[in-house]
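**Q** Starting from these lines, generate the structure:
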Amino acid sequence: MHKDIILAGVARSGSTLVCHLLNKVQGVVALHEPIQPALVPFSSNEEAIFYIQEFFIKQRRSIVNKGIAKSASTSGEVPDNHVGCFDKATGKRKFLLDGNEITVRRNLDADFALVIKQPGLFTAMLATLKANFPCYATIRNPLAVLRSWNSVDMAVTNGHAPAAEDRDPQLKKVLALEPDKYKRQLVLLSWYFEQYYHHLTEQQIIRYEEVVSSGGKNLSCINSSALLLNEKLTNKNNNDLYDDSIKLNLAERLLDSDGFYWKYYSKQDVRNLLVS
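**A** Predicted coordinates:
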């Protein structure tokens, strides 16, 4: 069984939830965006891979010797969601993260699985990463993703993903040329799905909807012990915190578009969210 595992994913598609659930699985530790993308070398693929391999080694050593690891966290743990309710001052949802380490209290064998999640960075690097690590990616109904993007104050809210754009100059150029925020969001959303379509197999795709419906059991694609999970999870594709005033506009733009998200979701999947 592979020990060092890469987790990419569409921004706001449930990758934080996946890490939270994996940390409940015996013999698995999952870290939430512990790498500073700008520190990963740009000079060559070999240097970038070496940096990431060394990062895995350092985190393993820290977990074994100190019981801690680098990870965005809330109260020393990876939360199931890193944003919460609305902040009246900003009109966007509050960030819940308050630390950059997690505490690992479990006894682990030397060959425990270590999962690192970096959605934008790892998605942009998939062509190189897949030759060196087992790679997975989370996806979600594209309308739910767009509604989530517009409920938070993040780069994706404006149709940008800096860590991805820094690694993919063509993506950066296309986004820079598009003045409409919602059109940029569609371009970016399609880009995420396109990378997975070209570089991952169906077995490496983790659908948010299946994570919820299986209580986490479908994460057995990463580690077989996840079959023991039986979490009570709620599908939030129509989250009450999303802005209903732009729901129809987003859906119409999406249904009128031609993106790689249609390789994984049907237009009926989107229409179903309009009536549920």
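
**Q** So which residues of the chain form strands?
**A** With DSSP state E as the criterion, the chain has strands at 4-9, 28-32, 68-73, 83-87, 92-95, 99-103, 113-117, 135-139, 205-207.

**Q** Could you list the low-pLDDT ranges of the stretch 51-200 of the chain?
**A** 88 (pLDDT under 70).

**Q** In CSV: the strands of the chain, plus mean neighbour count and distance to residue 171.
**A** Every C-beta, even on glycine, is put in place using the N, C-alpha and C of the backbone. Output for the strands of the chain, formatted as CSV (neighbours: other C-beta atoms under 10 Å; distance: least, C-beta to C-beta, whole Å):
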stretch, mean neighbour count, distance to residue 171
strand 4-9, 25, 14
strand 28-32, 26, 23
strand 68-73, 21, 24
strand 83-87, 14, 24
strand 92-95, 17, 24
strand 99-103, 16, 27
strand 113-117, 24, 20
strand 135-139, 24, 16
strand 205-207, 20, 20
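
**Q** Columns distance to residue 247 on top of those strands, output as JSON lines?
**A** Formatted as JSON lines, the strands of the chain follow (distance: least, C-beta to C-beta, whole Å):
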{"stretch": "strand 4-9", "distance to residue 247": "23"}
{"stretch": "strand 28-32", "distance to residue 247": "28"}
{"stretch": "strand 68-73", "distance to residue 247": "29"}
{"stretch": "strand 83-87", "distance to residue 247": "16"}
{"stretch": "strand 92-95", "distance to residue 247": "16"}
{"stretch": "strand 99-103", "distance to residue 247": "34"}
{"stretch": "strand 113-117", "distance to residue 247": "28"}
{"stretch": "strand 135-139", "distance to residue 247": "20"}
{"stretch": "strand 205-207", "distance to residue 247": "21"}
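
**Q** quick one: which of those is nearest residue 246?
**A** strand 92-95 (13.4 Å; C-beta to C-beta).

**Q** Please save the CA atoms from that closest one in CSV.
**A** Taking Å, rounded to 0.1, in the frame of the first residue of the first chain, the C-alpha atoms of strand 92-95 are listed here in CSV:
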residue,chain,number,x,y,z
LYS,A,92,-19.3,36.4,3.2
ARG,A,93,-18.8,33.3,5.2
LYS,A,94,-16.3,33.3,8.1
PHE,A,95,-13.1,31.4,8.0
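
**Q** Check which helices and strands that strand is in contact with.
**A** If contacts are counted by 3 or more C-beta pairs under 8 Å, 6 or more residues apart in numbering; DSSP states H and E, strand 92-95 sits against strand 83-87.

**Q** Strand partners (parallel or antiparallel) of the strand it packs on?
**A** Listed by DSSP bridges, the sheet partners of strand 83-87 and their directions read strand 92-95 (antiparallel).

**Q** Need the residue in this structure that's farthest from the chain's center.
**A** residue 65 (28.2 Å; C-alpha atoms, centre = their mean).

**Q** roughly how far apart are that residue and residue 34?
**A** Residue 65 sits 17 Å away from residue 34, going by C-beta to C-beta, to the nearest Å.

**Q** next one: residue 167
**A** From residue 167 to residue 34 the distance is 18 Å (C-beta to C-beta).

**Q** ditto for residue 155
**A** 19 Å.

**Q** Over to residue 136?
**A** 17 Å.

**Q** and what of residue 268?
**A** Residue 268 is 38 Å from residue 34, by C-beta to C-beta.

**Q** and these two? which has more neighbours close in?
**A** residue 34 (19 against 7; other C-beta atoms under 10 Å).

**Q** Does the more buried one touch residue 69 like I think?
**A** Yes - at 7.1 Å, residue 34 and residue 69 qualify as touching, with contact defined as C-beta atoms under 8 Å.

**Q** so who does the residue nearest to residue 257 when sequence neighbours are not counted touch?
**A** In this structure, residue 257 finds its nearest non-sequential neighbour in residue 186, 5.2 Å apart by C-beta to C-beta, 6 or more residues apart in numbering. By C-beta atoms under 8 Å, 6 or more residues apart in numbering, residue 186 lies in contact with 146, 253, 254, 257, 259.
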